[in-house]
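S.K.: Provided below are the primary sequence and the corresponding predicted coordinates.
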Amino acid sequence: MAEGRSRESWNHTASVMAMLANVHRDPKKHRPYDASDFHPYAAEARPAPKTKDLSILKAVFVDGGK
């Protein structure tokens, strides 16, 4: 529960920081900032699940194990 509250607080703080950075940036020199640029938990994004060959599952569940 404490981690959820911390993440929610950082969501708010990162949004405010991105807004302030975008107000003061030079549009010719830098891209617009996003809240994820300032969010410390954003770097901990979960990796995408690795997909393997699922033909064995098809053989078991669809074809009836034949």
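M.R.: Perfect, thanks for sending it. Residues are numbered from 1 along each chain as shown.
S.K.: Where does residue 52 fall, secondary structure wise?
M.R.: For residue 52, there is no host helix or strand (DSSP states H and E).
S.K.: In contact with it: list those residues for me.
M.R.: Going by C-beta atoms under 8 Å, 6 or more residues apart in numbering, residue 52 touches no other residue. Where C-beta positions appear, they are placed from N, C-alpha and C, glycine not excepted.
S.K.: Can you give the contact residues for the longest helix along the chain?
M.R.: As assigned by DSSP state H, the longest helix anywhere in the chain is helix 2-24. With contact meaning C-beta under 8 Å, 6+ apart, helix 2-24 is reached by 32, 33, 34, 35, 36, 37, 38, 39, 40, 41, 42.
S.K.: List the buried residues in it.
M.R.: 10, 14, 17, 18 (16 or more other C-beta atoms under 10 Å).
S.K.: distance of the second one from residue 53?
M.R.: Computed as C-beta to C-beta, to the nearest Å, the residue 14 to residue 53 distance reads 40 Å.
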